[in-house]
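*Asks:* Return atomic coordinates for the entry below.
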Amino acid sequence: MKHMLVTLGCCISLLMGCGSAENAVNFFSLQDDLALGEQVREEIEGDSSDMIILDSTAYPVIYGYLYSIRDSLLNSGQVRFKAEFPWRLRIIQDDSTLNAFCAPGGYIYIYTGILKYLEAEDQLAGVLGHEMGHADLRHSTRQLTKMYGVQTLISLVAGDRALIKQVTSSLIGLSFSRTHEKEADECSVKYLCPTTYNSDAGALFFEKISKEGGGRPPEILSTHPDPGNRIEAYRTHKETYGCLGAFTQKERYQKMIKTLP
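*Replies:* Residues are numbered from 1 along each chain as shown. Modelled structure (predicted):
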């Protein structure tokens, strides 16, 4: 299986205390995030895209399952922009890619590769919480601003199709800063904490893939430094927040995954 970049990021909220926003300036409004996310959605799901998106009407069981997990996290009381963003989920059919990413405005994409690689429902909840955190903290527009500049992104929001294609490609493989990744990990714990899930389940993904790397860390960890420290941080956050959930739901998860093509 090809190990590609996994963008597992955080959900630090100024209001909820998930990480720290570093008083970072974002030149884009929430509406800009939504507009950009919609442009990216159209590019990814358009006829010219190379990606195969599983139709939600053709796979109602797995989509219903994913949305139930998403709703558990949204109802945790920790998602700052719960009502402002659509938090829309789509599955990309590609078993060779261990990845999930979230476009600005809460448009979440999960590859079948990572769905089949994970072993239990709490692990998927940890991944979803991580990606939702990126959107909630608006990490993508902050990172893209650094890459392209404000004027370029203004043109993007205005509908520059060639630029939209370019930025969409960048977004799919976007590398977040070390701080953003730490924030995302903390958010994953914070979102899961009020649920019945094992709140540090996000660490299990890193444990598994680190072990498979043997003496040489797999490519997937090349832009995610100090996996050992991140695993420890998950556990520390769980203890700090006093999270008590312990459910993994492994059997239910394995049953749902069998509905994938």
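*Asks:* can we go C-alpha only for contacts and neighbour counts from here?
*Replies:* OK.
*Asks:* counting contacts, what elements does whichever strand or helix holds residue 191 pack onto?
*Replies:* Assigned by DSSP states H and E, residue 191 belongs to helix 178-192. The contact analysis (3 or more C-alpha pairs under 8 Å, 6 or more residues apart in numbering; DSSP states H and E) places helix 178-192 against helix 60-74, helix 121-136, helix 202-212, helix 227-241.
*Asks:* Quickly note the distance from residue 212 to residue 117.
*Replies:* Distance from residue 212 to residue 117, counting by C-alpha to C-alpha, to the nearest Å: 12 Å.
*Asks:* repeat for residue 65
*Replies:* 17 Å.
*Asks:* So the two - more neighbours on which side?
*Replies:* Higher neighbour count among residue 65 and residue 117: residue 117, with 18 against 15, using other C-alpha atoms under 10 Å.
*Asks:* mean pLDDT lowest for which of the helices and strands packed on helix 178-192?
*Replies:* Looking at these, the lowest mean pLDDT belongs to helix 202-212 (a mean of 84).
*Asks:* what's that one packed up against?
*Replies:* By 3+ C-alpha pairs under 8 Å, 6+ apart, helix 202-212 packs against helix 121-136, helix 178-192, helix 227-241.
*Asks:* Sort out which residues of it are buried, please.
*Replies:* Neighbour-count burial for helix 202-212, counted by 16 or more other C-alpha atoms under 10 Å, picks out 202, 203, 204, 205, 206, 209, 210.
*Asks:* and that helix, how far from the chain's centre?
*Replies:* 16 Å (C-alpha atoms, centre = their mean, to the nearest Å).
*Asks:* what's it in contact with?
*Replies:* With C-alpha atoms under 8 Å, 6 or more residues apart in numbering as the test, helix 202-212 has contacts from 118, 122-127, 185, 188-189, 217-218, 227, 230-231, 234-235.
*Asks:* Name the helix or strand for residue 165, please.
*Replies:* helix 161-172.
*Asks:* What residues does residue 35 make contact with?
*Replies:* Residues near residue 35 by C-alpha under 8 Å, 6+ apart: 105, 157.
*Asks:* beta partners of the spatially closest residue to residue 100 that is not a sequence neighbour?
*Replies:* In space, and not counting its chain neighbours, residue 100 is closest to residue 110: 4.4 Å by C-alpha to C-alpha, 6 or more residues apart in numbering. Following DSSP bridges, residue 110 is listed with bridge partners residue 91, residue 100.
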